[in-house]
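J.: Here's a sequence, model it:
(chains A and B)
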Amino acid sequence: MREELIVSGRANPLIDPHLHIWHWQIPLYLFLGGLAAGILFFAGLYTIMGKEKSYPAAVRRAPLIVPFVLIIGLFALLLDLKHKLFFWRLYTTIRLESPMSWGAWVLMLVTPLSFIWAAIHIREIFPKWNWKFRILIILDEFFTSQKRTIAWVMTISSVILGVYTGILFSAFNARPLWNTSILGPLFLASGLSAGAAVIMLFSKDHHERTIFSKIDIVIIVVELFLIVHMFMGFLASTQVQIEAAELFLGGPYTASFWIFVVIMGMIIPIILEVLELKKFKIPILIPATLVLFGSLMLRFLISFAGQESRWLY
Amino acid sequence: MRYAMAIDTKKCVGCSDCVVACQTENSVPVGYCRDWVVEVTDGTYPQLEIEIRSERCNQCDNSPCVRCCPTGASHYAEGGIVLVTPNKCIGCGACITSCPYDARYPHPDGYVDKCTFCIHRVRKGLEPACVAACPTKCMYFGDLDDPNSKVSEILKVRKYKTLIPEAGTDPQLYFLI
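T.: Next up is the predicted model:
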């Protein structure tokens, strides 16, 4: 038997009993960042492929919400900081070794792009929109003429943003549950699936909706595959990672992870989407909401459980 | 120059004087601490073994906290001591999460704080407050690059271990066993 006690006044209320320094702000941002990345990825991709006409929701309508999504996400990030007024320090340096520095700079690129993209498509919702000032009209014309270039930058940077949301966690070897490089692709897939769900909600066109239903099914299958591999990797790894995986395999997070993330967020949406493709009448709102919910829960559970996982000593 | 600390787990009685000395010297806010004492009990009664360790930041040579800091607030100072510049720190918490020893805490003033090996005392030629206050003299501080320093001398003759070396952090806090 081995027992370990902290006998002195290690009474850091924010650290012990387990180190829980990141509360709801970080997982909420990771969800919103992933969602924004997913929407922008499809918008950019279909523009590059020259299919703007056949995918109006993906290219023109869904991206209109991205600036709002990112602003809420950025606000959550700001709330997470202890030194809020010093946030600009992120932009006084570039630190290649720090995932958070990468994330801050990628956001600096993606956020203005999302605003530009929304601005040049604003007539989708307000057909009589008038920019009023000459300079804005000139900018609008300029960016509209550069749409393909913007689409390329947007597609690439949204993939970086989507992967980053996972890399932020996986770069910490102090938290064994996060210390797996599968989190990068897993969070990217989850973000893409959330993006596809929002596009389905915005789509009025049956063809487009069917395509995104199929895309969503493929991405969710990939996600399930990545989750299985993540646990296989943990169980074949060191004791600390085996114990980390056990948080989800019998530990305190088991029920919430498998019910909220896997069953409600992945398996039920797949079944509903397959049924819809088989011509059953299913309101798109149900699978899309479930996918978004699952994606949000995945970030929360990985974030909270990860902070509970630790080295043995 | 490579500052390091060696702590004799055989001599330490776990009195927590080092904790109080640190809190006093560094004006650590109430409810927080930069060092703490861990007591490990091994075995089944009556065959019990106890190890008492005074723990703090390991001033790692390969510090995950320095690597993950997005603003460069966490940095290596002289002798490999890891320090935080409060004016650069935004309090994002990345370093706190990255530390396998949980040695950092968020200071109520909005930055992240941790053990500094009392660099302000060391620069004046004094020992860190915890070392100076220890009633059993179980702590040794000094420069590993100097073969005649207290810490080099003791590490030559005693067996020692570091905490979680498998995390790859190259810790510079040595526990004599």
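J.: does residue B:38 sit in a helix or strand, and which one?
T.: strand B:36-44 (DSSP states H and E).
J.: How far does that strand sit from its chain's centre?
T.: Relative to its chain's centre, strand B:36-44 lies at 18 Å (C-alpha atoms, centre = their mean, to the nearest Å).
J.: what's the answer for stretch A:210-220, then?
T.: Chain-centre distance of stretch A:210-220: 17 Å, with C-alpha atoms, centre = their mean.
J.: same question, stretch A:208-221
T.: With C-alpha atoms, centre = their mean, you get 17 Å for stretch A:208-221.
J.: got the contact list for the residue of chain B found nearest chain A?
T.: With C-beta to the nearest C-beta, the shortest gap between chain B and chain A falls at residue B:91, namely 2.5 Å. Any C-beta I mention is one placed from the backbone N, CA and C, and that applies to glycine too. Going by C-beta atoms under 8 Å, 6 or more residues apart in numbering or on different chains, residue B:91 touches A:81-84, A:86, B:106, B:110-112.
J.: 10 Å - rerun?
T.: With contact taken as C-beta atoms under 10 Å, 6 or more residues apart in numbering or on different chains, residue B:91 is in contact with A:21, A:80-84, A:86-87, B:73, B:106-107, B:109-112.
J.: Of those, keep whichever come out buried.
T.: Buried subset of the contacts of residue B:91 (neighbour count, 16 or more other C-beta atoms under 10 Å in any protein chain shown): A:21, A:80-83, A:86-87, B:73, B:106-107, B:110-112.
J.: ok, the residues you listed vs residue A:305, which is closest?
T.: residue A:21 (14.2 Å; C-beta to C-beta).
J.: Check that closest one and give its pLDDT.
T.: Looking at residue A:21, its pLDDT is 82.
J.: Could you do residue A:67 as well?
T.: On the pLDDT scale, residue A:67 gets 95.
J.: Determine the number of other residues adjacent to it.
T.: If you count neighbours by other C-beta atoms under 10 Å in any protein chain shown, residue A:67 ends up with 19.
J.: tell me the contacts of it?
T.: Residue A:67 neighbours (C-beta under 10 Å, 6+ apart): A:36, A:111-119.
J.: PyMOL command to pick out the buried ones of these?
T.: Buried members of the contacts of residue A:67, identified by 16+ other C-beta under 10 Å, are gathered into one PyMOL selection as follows:
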select buried, chain A and resi 36+111+113+114+116+117+118+119
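J.: Tell me which of the contacts of residue A:67 fall in strands.
T.: With DSSP state E as the criterion, strands contain none of these.
J.: Kindly indicate which of the contacts of residue A:67 lies nearest residue B:146.
T.: For these, the residue nearest residue B:146 by C-beta to C-beta is residue A:111; the value is 51.5 Å.
J.: Buried residues of stretch A:305-313, list them for me.
T.: Judged by neighbour count (16+ other C-beta under 10 Å), stretch A:305-313 contains these buried residues: A:305-311.
J.: Please apply the same query to stretch A:136-147.
T.: Those would be A:140, A:143, A:147, for stretch A:136-147 by 16+ other C-beta under 10 Å.
J.: do stretch B:167-177 as well
T.: Within stretch B:167-177, the residues that qualify as buried are B:167, B:169, B:171-176, counting by 16+ other C-beta under 10 Å.
J.: what pairs with the closest residue to residue B:10 other than its chain neighbours across the strands?
T.: Closest residue to residue B:10 apart from its sequence neighbours, by C-beta to C-beta, 6 or more residues apart in numbering or on different chains: residue B:176 at 6.7 Å. Residue B:176 has these beta-bridge partners by DSSP bridges: residue B:8, residue B:160.
J.: What are the phi and psi values at the residue of chain B most remote from its centre?
T.: Centroid-distance maximum for chain B: residue B:46 at 32.5 Å, with C-alpha atoms, centre = their mean. Dihedral pair for residue B:46: phi -90, psi 0, per degrees, to the nearest 10.
J.: Excluding chain neighbours, what is closest to the residue in the stretch 51-200 of chain A positioned nearest to chain B?
T.: Going by C-beta to the nearest C-beta, chain B is nearest to residue A:82 of the stretch 51-200 of chain A, at 2.5 Å. Nearest residue to residue A:82, sequence neighbours excluded (C-beta to C-beta, 6+ apart): residue B:91, at 2.5 Å.
J.: tell me the secondary structure for the one you found?
T.: When classified by DSSP: H, G, I helix; E, B strand; the rest coil, residue B:91 comes out as coil.
J.: separation between it and residue B:67?
T.: 18 Å (C-beta to C-beta, to the nearest Å).
J.: Check residue A:212 too.
T.: Looking at residue A:212 against residue B:67, where the rule is C-beta to C-beta, the gap reads 39 Å.
J.: Which one's more surrounded, the two?
T.: residue A:212 (27 against 17).
J.: moving C-terminal of the helix or strand hosting the more buried one, what's the next helix or strand?
T.: Using DSSP H and E, residue A:212 sits in helix A:206-235. Per DSSP H and E, the first helix or strand lying C-terminal to helix A:206-235 is helix A:239-246.
J.: Show me what that following helix is packed against.
T.: helix A:206-235, helix A:285-308 (3 or more C-beta pairs under 10 Å, 6 or more residues apart in numbering or on different chains; DSSP states H and E).
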